[in-house]
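Engineer: Here's a sequence, model it:
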Amino acid sequence: MEHQDGSFKSALTERQGIGQPSVVNPAINTYTNHFNNRALLSLDVYVDGILAGNTTILSKAITLVESVLPAHQELAQQIIEKCLLYSGNSLRVGITGVPGAGKSTFIEALGTHLVRQGNKLAVLAIDPSSERSKGSILGDKTRMEELSGESNAFIRPSPSAGSLGGVARKTRETIVLCEAAGFNYIFIETVGVGQSETTVCGMVDFFLLLQLANTGDELQGIKRGIMEMADAIAINKAEGDNKPKAILAQAQFKNALHLFPPTESGWIPPVDICSAYTKEGIDAIWQTILEYEKYTKAKGYFMHKRQIQAQGILAETIDAQLKQHFYNQRGIQEKLEKAKLDVADSKVSPYTLAQSLLDEYFAKNY
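Structural biologist: Below is the predicted model:
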């Protein structure tokens, strides 16, 4: 608009913008400069951040643990060594069950119950990886919407990356980092494909098996191996018309457990019914877990089991390193490809070729 003095003034007026709110988590300020670039942080920044309970730093450290890059692995092992002194103070719970048993819903119901009592919970959800692309959906954090909104909960979906039974091979190291970050309860959710249970059982204190009651003959779903590993069984989705079926399934599972030999700890696995949807029976199952912890600690079995697990990790690590060293030997890949062709053409026994390659490997290295 033109004024009489010849000046112009726009009809549009500029207003002062709204100031940015203060940071919700003051601990973030310490690490803001580090987050602005993608370079690796220093060892002390990782360790101090984890011990301070900074979940962003914790997530970055877990990413290093899961990485296959040598530089990342070297730094990850240094972080783990520093955090090891601050680990071991949590209760580790493995939760398994067939797909559709409601594992994620159950974990959210139980986890929300725990964090609202003032506990800190870390959920390590193992997502199946595609055998073709090695990719994962990583959807557990989306499914656990209520739990993920709790400040004392940390949910980390990790790809199984084709490891045995769908269990991420770095889950044990992740447990150490989460314990150092102050989480007093660790939940590990398995893929539930029937092969991962043994691996998960070897890294947790309590192993819970979720079952369903509306799948026909419940006894058909009982597999002796997983039943013997379970410290408790929970019949989930026991609501509405399913509740009478759940009660019947409960009796069937109890009768089946009587056929098994006594457990090493002397603990008798109970069978409960619950509904993760209505939250009915969730607290009772948690009391069962706490009773198991008290019982096994009183008998000295709790620490004995952890010692056996640590020895198993030592053996597994040696096996993995030997395998990696074998395949990284110069010339092995070429000879292995030729051996595959000979085996495919039925020229030589695969056992003979395998022994020949191993003999050559040991001759060079020992």
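
Engineer: Do you have the strands of the chain handy? List them.
Structural biologist: Taking DSSP state E as the test, the strands found in the chain are 91-97, 121-127, 153-159, 185-189, 206-211, 232-235, 271-273.

Engineer: The fifth one versus strand 185-189: what angle between them?
Structural biologist: Direction vectors for strand 206-211 and strand 185-189, defined by axes from the mean of the first three to the mean of the last three CA atoms, to 10 degrees, enclose an angle of 40 degrees.

Engineer: And the one residue sitting closest to the centre of the chain, how far from Phe183?
Structural biologist: By CA atoms, centre = their mean, the chain has its centre lying nearest to Leu124, at 3.1 Å. To Phe183, Leu124 is 10 Å away according to CB to CB, to the nearest Å. All C-beta atoms are positioned from the backbone trio N, CA, C, and that covers glycine.

Engineer: lowest average confidence, helix or strand, in the chain?
Structural biologist: When each helix and strand of the chain is scored by mean pLDDT, DSSP states H and E, helix 28-35 comes last, with a mean of 44.

Engineer: Burial check on the closest residue to Ala339 other than its chain neighbours, number of neighbours?
Structural biologist: Here the nearest residue to Ala339 in space, its sequence neighbours aside, is Leu353; by CB to CB, 6 or more residues apart in numbering that works out to 4.4 Å. A total of 18 residues lie near Leu353 under the criterion other CB atoms under 10 Å.

Engineer: Just list the residues touching Leu353, thanks.
Structural biologist: 339, 342-343 (CB atoms under 8 Å, 6 or more residues apart in numbering).

Engineer: Which among the strands of the chain is found nearest to Met303?
Structural biologist: strand 91-97 (12.9 Å; CB to CB).

Engineer: quick one: strands adjacent to that closest one?
Structural biologist: strand 185-189 (parallel), strand 206-211 (parallel) (DSSP bridges).

Engineer: now that strand against strand 121-127, angle please.
Structural biologist: Using the same axes, to 10 degrees: strand 91-97 against strand 121-127 is 30 degrees.

Engineer: what does strand 91-97 contact?
Structural biologist: 103, 106-107, 175, 184-190, 192, 196-197, 200-201, 203-212, 226, 236, 289, 293.

Engineer: before we move on, what about stretch 334-348?
Structural biologist: Residues contacting stretch 334-348 (CB under 8 Å, 6+ apart): 327, 350, 353-354, 356-357, 360.

Engineer: can you pick the most crowded of those residues?
Structural biologist: Leu353 (18 neighbours).

Engineer: Surely Ile226 and Val200 touch.
Structural biologist: No: the criterion here is CB atoms under 8 Å, and Ile226 misses it with Val200 at 10.6 Å.

Engineer: When these two are compared, which one has more neighbours?
Structural biologist: Neighbour count, other CB under 10 Å: between Ile226 and Val200, Val200 has more, with 24 against 18.

Engineer: Show the pLDDT at the closest residue to the more buried one other than its chain neighbours.
Structural biologist: Sequence neighbours aside, Gly94 is the residue nearest to Val200 in space, at 4.3 Å (criterion: CB to CB, 6+ apart). pLDDT, Gly94: 94.

Engineer: Next one: the nearest residue to Glu145 once chain neighbours are set aside from Gly97, what distance?
Structural biologist: Nearest in space to Glu145, with sequence neighbours left out and distances taken as CB to CB, 6+ apart, is Glu108 at 7.9 Å. Glu108 is 14 Å from Gly97, where distance means CB to CB.

Engineer: is it possible to export the strands paired with strand 91-97 to CSV including distance to Ala298 and mean pLDDT?
Structural biologist: Formatted as CSV, those follow (distance: least, CB to CB, whole Å; pLDDT from 0 to 100):
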stretch, distance to Ala298, mean pLDDT
strand 185-189, 20, 94
strand 206-211, 15, 93
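
Engineer: Which of the contacts of stretch 334-348 sits closest to Leu314?
Structural biologist: The closest of the contacts of stretch 334-348, once distances to Leu314 are taken by CB to CB, is Tyr327, at 21.2 Å.

Engineer: And the helices in the stretch 151-300 of the chain?
Structural biologist: Along the stretch 151-300 of the chain, counting by DSSP state H, counting those that start in this stretch, helices occupy 171-180, 197-201, 224-229, 242-257, 282-298.

Engineer: hey, C-alpha coordinates of the shortest one in CSV?
Structural biologist: This means helix 197-201. Below are the C-alpha coordinates for helix 197-201, written out as CSV (Å, rounded to 0.1, in the frame of the first residue of the first chain):
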residue,chain,number,x,y,z
GLU,A,197,13.9,-72.2,22.1
THR,A,198,17.1,-74.0,23.1
THR,A,199,19.2,-71.0,22.3
VAL,A,200,17.0,-68.6,24.2
CYS,A,201,16.7,-71.0,27.2
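
Engineer: Please report the distance of Ala339 from Lys347.
Structural biologist: From Ala339 to Lys347 the distance is 10 Å (CB to CB).

Engineer: who's more crowded, these two?
Structural biologist: Ala339 (19 against 10).

Engineer: Give me the local confidence score for the more buried one.
Structural biologist: So Ala339 comes in at 88 (pLDDT).

Engineer: before we move on, what about Glu197?
Structural biologist: 73.

Engineer: can you tell me which residues contact it?
Structural biologist: 94, 96, 165, 190, 207, 225-226, 229.

Engineer: Among these, which one has the most neighbours?
Structural biologist: In the contacts of Glu197, the most neighbours by other CB under 10 Å go to Gly94, 27 neighbours.

Engineer: For the closest residue to the residue nearest to the centre of the chain other than its chain neighbours, the count of nearby residues, please.
Structural biologist: The shortest distance from Leu124 to any non-neighbouring residue, by CB to CB, 6+ apart, is to Ile188 (4.9 Å). Neighbourhood size, Ile188 [other CB under 10 Å]: 28.

Engineer: Lovely, talk soon.
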